[in-house]
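Engineer: This is the structure alone, sequence omitted:
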């Protein structure tokens, strides 16, 4: 949700990242020959999330940084024809929603087997795995995180405590009873619950969960998804963004230009959306079959970094 955004061409972004990788290789090579191991500077206490890059080469459905085709302003509402609604959005490319972890550039370049660097979610992941919670990466920490990553097919499985690993843990924590802490009001009618803290969403009616929980991506810093009560006021299966001239499949608008909708790119990025609740295509399609115009949406919490 923003106007006046300058859209960067994916190819240009790829060239910039390639240049950074080359530069990193040069620095690493020079450092290996000019700095003795016992005099090398200590790594920072924690690698900032904003400094991370995908740990493997992007697939056909991913780019290095994925911006979302969000709507800048409230859309022009109209009633789609039956012919228009009969058309299903195109499928996502294979690999679009793979769990690709964000890691330090130095780890990505060196293709390390087990990271020695402290991730931005170190303490949280240590606590979740019932390790010693000290916020520092150790060899045993790395192996424990690596084991979890391999179990859930997170790539690269190098034990780095990054955002994808943490959000996968949040989804697992939410699956049994997403509203255990009663953050989402229980009503007799359907309520779409948007948990910004854990980056998960679900729909409940009374005490019964009728959809989800599923992973999502909410608004970034300066464009956080607005908290509080909202109402689904327009649904458009084949909506197109007025800002990016890009598809917003299964869009369900609930507050101005903010909507639930699918994206044809990874939702596992360090950047949030421009305010919308981004979903995988399959999840957005299922949600389309659950929510109706007039249903309530409740948003709470705070996305990390927003």
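Structural biologist: Now that the structure is in, tell me what you want to look at. Remember, predicted model here, so these are calculated numbers, not experimental data.
Engineer: can you give me the strands for the stretch 201-306 of the chain?
Structural biologist: Applying DSSP state E, counting those that start in this stretch to the stretch 201-306 of the chain gives strands spanning 208-215, 228-231, 234-240, 247-255, 258-262, 277-279, 296-300.
Engineer: correction: the stretch 51-200 of the chain
Structural biologist: Along the stretch 51-200 of the chain, the segments classed as strands by DSSP E, counting those that start in this stretch run 52-54, 102-104, 190-195, 200-205.
Engineer: Could I get the contacting residues of residue 70?
Structural biologist: For residue 70, the contacting residues are 1-2, 241, 243-244, 248, 257-259, 273-276, by Cβ atoms under 8 Å, 6 or more residues apart in numbering. (C-beta placed from N, C-alpha, C; glycine too.)
Engineer: Name the nearest residue to residue 276, ignoring sequence neighbours.
Structural biologist: Among residues not flanking residue 276 along the chain, residue 70 sits closest, at 4.4 Å (Cβ to Cβ, 6 or more residues apart in numbering).
Engineer: how close does the one you found sit to residue 240?
Structural biologist: The gap separating residue 70 from residue 240 is 12 Å, by Cβ to Cβ, to the nearest Å.
Engineer: Tell me the residues that contact both of the two, please.
Structural biologist: Contacts common to residue 70 and residue 240, judged by Cβ under 8 Å, 6+ apart, are residue 248.
Engineer: so where's the stretch 1-150 of the chain uncertain?
Structural biologist: 1-45, 58-66 (pLDDT under 70).
Engineer: How about the contacts made by residue 215?
Structural biologist: Going by Cβ under 8 Å, 6+ apart, residue 215 touches 167-168, 171, 199-200, 267-268, 280, 283.
Engineer: Need the per-residue pLDDT for residue 269.
Structural biologist: In this model, residue 269 is scored at 86, pLDDT.
Engineer: Point me to the residue sitting closest to the centre of this protein.
Structural biologist: By Cα atoms, centre = their mean, the chain has its centre lying nearest to residue 268, at 3.3 Å.
Engineer: Could you pull up the residues touching residue 262?
Structural biologist: So residue 262 contacts 89, 92, 248-250, 278-281, 283-285 (Cβ under 8 Å, 6+ apart).
Engineer: Burial check on the closest residue to it other than its chain neighbours, number of neighbours?
Structural biologist: Nearest non-adjacent residue to residue 262, counting by Cβ to Cβ, 6+ apart: residue 284, 3.6 Å away. A count of neighbours around residue 284, defined by other Cβ atoms under 10 Å, yields 24.
Engineer: so residue 284 makes contact with residue 250?
Structural biologist: Yes. Taking contact to mean Cβ atoms under 8 Å, the distance of 4.1 Å between residue 284 and residue 250 places them in contact.
Engineer: Would you mind listing the residues touching both of these two?
Structural biologist: With Cβ under 8 Å, 6+ apart as the test, residue 284 and residue 250 both reach 260-262.
Engineer: Out of these, which comes closest to residue 149?
Structural biologist: residue 262 (25.6 Å; Cβ to Cβ).
Engineer: any idea how far residue 232 is from that closest one?
Structural biologist: For residue 262, the distance to residue 232 - Cβ to Cβ - is 16 Å.
Engineer: show me the contacts for the nearest residue to residue 161 once chain neighbours are set aside.
Structural biologist: Once flanking residues are discounted, residue 161 sits nearest to residue 119: 2.9 Å by Cβ to Cβ, 6+ apart. Remark: with contacts taken as Cβ under 8 Å, 6+ apart, residue 119 is in contact with 46-47, 125, 137, 160-162, 165.
Engineer: Can you convert the strands of the stretch 51-200 of the chain into TSV and add a column each for distance to residue 224 and mean neighbour count?
Structural biologist: Supplementary listing: the strands of the stretch 51-200 of the chain in TSV, determined by distance: least, Cβ to Cβ, whole Å; neighbours: other Cβ atoms under 10 Å:
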stretch	distance to residue 224	mean neighbour count
strand 52-54	21	22
strand 102-104	20	24
strand 190-195	11	23
strand 200-205	15	22
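Engineer: Looking at those, which is nearest to residue 114?
Structural biologist: The closest of the strands of the stretch 51-200 of the chain to residue 114 is strand 102-104. By Cβ to Cβ, the value is 11.6 Å.
Engineer: And the closest one, what does it pack against?
Structural biologist: strand 52-54 (3 or more Cβ pairs under 8 Å, 6 or more residues apart in numbering; DSSP states H and E).
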